[in-house]
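Visitor: I would like to see how this sequence folds:
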Amino acid sequence: MRTRIAFLKGHGTENDFVIIPDPDNTIALPPAAVAALCDRRAGLGGDGLLHVVRSAAHPEAKAMAAEAEWFMDYRNGDGSIAEMCGNGVRVFARYLQRAGHVTEGDLAVATRGGVKTVHIDKDGDVTVGMGRASLPEADVTVSVGERSWPARNVNMGNPHAVAFVDDLAHAGDLYAPPPFRPASAYPDGVNVEFVVDRGPAHVAMRVHERGAGETRSCGTGACAVAVAAARRDGADPAVTGTPVTYTVDVPGGTLVITERPDGEVEMTGPAVIVAEGEIDADWLEIAAS
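Guide: The predicted structure follows:
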């Protein structure tokens, strides 16, 4: 094993990530290694890990290589695999730009949730085409303590339960996953968003991310929230032919979400690289054992 492994640290609206560049997919990252790296006391700290791999070099992404050169092999902070991470895609694109693999403008990124279109703006923001939302009709309820709320079931390539509440404090500490029912609605767990109104087409949210706990931001969650809020407010771009845009405040900043008449959901927000360095591979091997 090599004695040093390169890493970077970045965040999108304070949803933070350890970034491991590995174009040829040669670095083993079992769940225990990822969890050790994302540990905020004994590791580097992060809500998740972005493993940067060429699509052609990864068995899960080879089929997408003709559309997207790079694959975002995303892991949650506990080491589990996730389909998508909206803030992660923006930071992933920022890393590719920093490394000289791409420039300002458009690019495609392969994810387990499909190929995502990305635009790196000159002003520094990054816009991601997040795909279409699906809204299963199943009734869902989420709970915190003695309180329960009906939740909108929204899938953005990963599952979300969106609950509109009177006060974000009602979400509690969000250390543990909020209970939901029926259990059959989310057999693999769910990201739960609690939402309040701030003004016309303007909401604020807190989120418990599956495998990470409460995070400062969740990109797919903000998209799910915007779509759920639009339907609650009687807006459906597929019906009206008019795009709908919501401003979504998260604890770590602000995201702007637009749903277009063709169903595509776009997310715009910042992406920042804050540090880079080297990991001691011997430490990682011990930490992962």
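Visitor: how about residue 87, secondary structure?
Guide: Here residue 87 is recorded as helix under DSSP: H, G, I helix; E, B strand; the rest coil.
Visitor: Put the alpha carbons of stretch 127-140 into CSV.
Guide: Extracted in CSV, the C-alpha atoms of stretch 127-140 (Å, rounded to 0.1, in the frame of the first residue of the first chain):
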residue,chain,number,x,y,z
THR,A,127,-25.9,24.6,-11.4
VAL,A,128,-26.8,20.9,-11.5
GLY,A,129,-29.5,19.2,-13.5
MET,A,130,-30.9,16.9,-10.8
GLY,A,131,-33.3,14.9,-13.0
ARG,A,132,-37.0,14.6,-12.6
ALA,A,133,-38.8,14.1,-9.3
SER,A,134,-41.2,11.3,-8.9
LEU,A,135,-43.9,11.6,-6.3
PRO,A,136,-45.2,8.2,-5.2
GLU,A,137,-48.8,8.4,-4.0
ALA,A,138,-48.3,6.4,-0.8
ASP,A,139,-49.4,8.2,2.4
VAL,A,140,-46.4,8.7,4.7
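Visitor: For residue 127, give its distance to residue 100.
Guide: 21 Å (CB to CB, to the nearest Å). C-beta: built from backbone N, CA, C; applies to glycine.
Visitor: quick one, which of the two is more surrounded?
Guide: Ranked by neighbour count (other CB atoms under 10 Å), residue 127 and residue 100 place residue 127 first, with 19 against 7.
Visitor: Please name every helix or strand in contact with the one helix or strand that one maps to.
Guide: Using DSSP states H and E, residue 127 maps to strand 126-132. If you count contacts as 3 or more CB pairs under 8 Å, 6 or more residues apart in numbering; DSSP states H and E, strand 126-132 packs onto helix 86-98, strand 114-120, helix 219-232, strand 264-269.
Visitor: Provide a complete list of residue ranges assigned to helices in the chain.
Guide: Listed in chain order, the helices of the chain (DSSP state H) span 31-38, 86-98, 219-232, 237-240, 281-288.
Visitor: Skipping adjacent residues, who's closest to residue 84 in space?
Guide: Spatially, and ignoring its direct neighbours in sequence, residue 84 is nearest to residue 113 (3.6 Å; CB to CB, 6 or more residues apart in numbering).
Visitor: Residue 78 is nearest to which of the helices of the chain?
Guide: In terms of CB to CB, the element of those nearest to residue 78 is helix 31-38, at 5.5 Å.
Visitor: hmm, who's touching that closest one?
Guide: For helix 31-38, contacts defined as CB atoms under 8 Å, 6 or more residues apart in numbering pick out 7, 18, 20, 42-49, 75-80, 279, 284, 287-289.
Visitor: Kindly report the same for stretch 257-269.
Guide: When contacts are defined by CB under 8 Å, 6+ apart, stretch 257-269 is touched by residues 12-13, 86-87, 90, 121, 125-133, 156, 219, 222-223, 225-227, 230, 237-238, 240-248, 253-256.
Visitor: In PyMOL, select just the buried ones from the residues you listed.
Guide: The PyMOL selection below is limited to those of the contacts of stretch 257-269 classed as buried (16 or more other CB atoms under 10 Å):
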select buried, resi 12+13+86+87+90+126+127+128+129+130+131+132+133+156+219+222+223+225+226+227+230+237+244+246+247+248+253+254+255+256
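Visitor: so where is the chain shaky, pLDDT-wise?
Guide: Applying pLDDT under 70 to the chain flags residues 1-2.
Visitor: so what's residue 133 closest to, chain neighbours aside?
Guide: Nearest to residue 133 is residue 227, by CB to CB, 6+ apart, at 4.4 Å.
Visitor: what's across from residue 253 in the sheet?
Guide: Per DSSP bridges, the residues bridged to residue 253 are residue 250.
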